[in-house]
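Asker: I'd like to go over a predicted model; first the sequence, then the structure.
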Amino acid sequence: MSGMDYYKILGVDRKASDEEIKKAYRRKARECHPDLNPHNKTAEDQFKRIQEAYDVLSDPDKRSKFDRYGEFWQQAGMGAPPPRGATNTRQAQAPGFIDLDNLGNLGMDDIFSMFTGGRSTRAQGHSPFGGGSAAPAEDVAFSVDITLEEAFRGVHKTLNLTVEDVCPTCKGTGTKKTGGRAGSQDRCTHCKGTGRLETPRTIQLNAPAGAWDGMRSRHQGAGPMDANHKRADLYIVLQVLPHPKFERNPENQDLPFELNVPYTVAALGGEVTIELLDGQKRQMVVPPGIQTGQKLRMAGQGMPALRERPKGDMYAQVRVVVPKELQPREIQLLREIAALRGDAVKQ
């Protein structure tokens, strides 16, 4: 989609912080989520625009390009843009899913790599055709969207991705020597002067039950290949999509949500039926006299335990619901109650 103002779509200022952008995205996505708007093509299209806006504004490199070039941000710079959600990283990690938020172990080269798209420009020559000098292949990461339900139960997916191998013909320089005058070079016809070749990869994603937003898995040797036929690693980063009902707590395995409670139940106490992420239904006990904003806890009904995080709880934030339309008998009874309590109600 082109010609769109991503800031306007999310309803945020151009100077909005990352946290403000994330909050706006979750709010907007929840309003237009297909599950809450079945058979609504307008809402479905808006949900896609909201998702695209967040994909761009949540990525520092993409956001910077959008701020500078507007709707032509994808054409900025030389060469084709990276695959959707792809970023490069040089941070080595042990196999398995880990948290992405730890930047404390990054060295200066790693930080420099993050802000240059993963390719260091120091000590590298550049051909007139856009290819760089031969260099080791670097790790690459792809973000993959999963639903909260998939994060709850775990998910297995086959991913078809594309990485950029160093061209074996020109060794990544983008040029080749010619038979003419000394030192003359032509553009490499194998990679068309880019120094890279797009190569498909098939990756098996095995996200564990209880996975959270930002977790990643390492696939050793599945990344780009350098001129010496050595392969870097490929990382899959999980991005948990907003849910129409539950809001995943980013710090633990708890599941907060908003619970509508009829005013009669709120006053007298009772039970409210709720549906869990696994589709099962449970009765939540509501004490008498509960107020809007109070929270109720269902122990052990949150996300499954994973690594250092114990099994989470569900937290319902109460919203007392008063009917907009009342039957004559209901009005009569409420007026009697108001009279008993001395409440000044409209007659």
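Answerer: Great, that's in hand. Numbering: from 1, shown residues only.
Asker: look up how far residue 53 lies from the most centrally placed residue in the chain.
Answerer: Nearest to the mean C-alpha position of the chain, by CA atoms, centre = their mean, lies residue 239 at 3.4 Å. Taking CB to CB, to the nearest Å as the measure, residue 239 falls 14 Å from residue 53. For glycine as for every other residue, the C-beta is placed from the backbone atoms N, C-alpha and C.
Asker: same deal with residue 9?
Answerer: Where residue 53 is concerned, residue 9 sits at a distance of 4 Å (CB to CB).
Asker: between these two, which has more neighbouring residues?
Answerer: residue 53 (26 against 21; other CB atoms under 10 Å).
Asker: tally of neighbours for the residue nearest to residue 7 when sequence neighbours are not counted?
Answerer: Spatial nearest neighbour of residue 7, chain neighbours left out: residue 14 (5.3 Å); criterion: CB to CB, 6 or more residues apart in numbering. Per other CB under 10 Å, the neighbour tally for residue 14 reads 12.
Asker: hang on, residue 14 packs against residue 67?
Answerer: Yes. Using CB atoms under 8 Å, residue 14 is in contact with residue 67, at 7.1 Å.
Asker: got a pLDDT number for the residue nearest to residue 7?
Answerer: On pLDDT, residue 14 comes in at 89.
Asker: ok so it is a helix residue?
Answerer: No. Per DSSP: H, G, I helix; E, B strand; the rest coil, residue 14 lies outside any helix segment and is coil.
Asker: what about the strands in the stretch 51-200 of the chain?
Answerer: Along the stretch 51-200 of the chain, counting by DSSP state E, counting those that start in this stretch, strands occupy 86-88, 140-146, 155-166, 175-177, 185-187, 196-207.
Asker: contacting residues for residue 13?
Answerer: 7, 20 (CB atoms under 8 Å, 6 or more residues apart in numbering).
Asker: mind redoing it with 10 Å?
Answerer: 7, 20, 21, 24 (CB atoms under 10 Å, 6 or more residues apart in numbering).
Asker: out of those residues, the closest to residue 291 would be?
Answerer: For the contacts of residue 13, the closest approach to residue 291 (CB to CB) belongs to residue 24, at 28.3 Å.
Asker: setting the sequence-adjacent residues aside, check what's closest to that closest one.
Answerer: residue 10 (4.4 Å).
Asker: so how far is residue 17 from that neighbour?
Answerer: Residue 10 is 12 Å from residue 17, by CB to CB.
Asker: what ranges does the protein have for its helices?
Answerer: 6-10, 18-32, 41-57, 60-69, 108-115, 148-153, 263-268, 328-341 (DSSP state H).
Asker: for the second one, buried residues please.
Answerer: When you say that, I think you mean helix 18-32. Residues of helix 18-32 classed as buried by neighbour count (16 or more other CB atoms under 10 Å): 21, 22, 24, 25, 26, 28, 29, 30, 32.
Asker: so for it, what's the average pLDDT?
Answerer: pLDDT averaged over helix 18-32 gives 85.
Asker: got it, and the first one?
Answerer: Helix 6-10 shows a mean pLDDT of 90.
Asker: what helices or strands is that helix leaning on?
Answerer: Secondary structure elements in contact with helix 6-10, counted by 3 or more CB pairs under 10 Å, 6 or more residues apart in numbering; DSSP states H and E, are helix 18-32, helix 41-57, helix 60-69.
Asker: one more time with 6 Å, if that's ok
Answerer: When contacts are defined as 3 or more CB pairs under 6 Å, 6 or more residues apart in numbering; DSSP states H and E, helix 6-10 sits against helix 18-32, helix 41-57.
Asker: tell me the angle the shortest one makes with helix 41-57.
Answerer: Using axes from the mean of the first three to the mean of the last three CA atoms, to 10 degrees, the direction of helix 18-32 lies 170 degrees away from that of helix 41-57.
Asker: report the inter-axis angle for helix 18-32 versus helix 60-69.
Answerer: Using the same axes, to 10 degrees, helix 18-32 lies at 90 degrees relative to helix 60-69.
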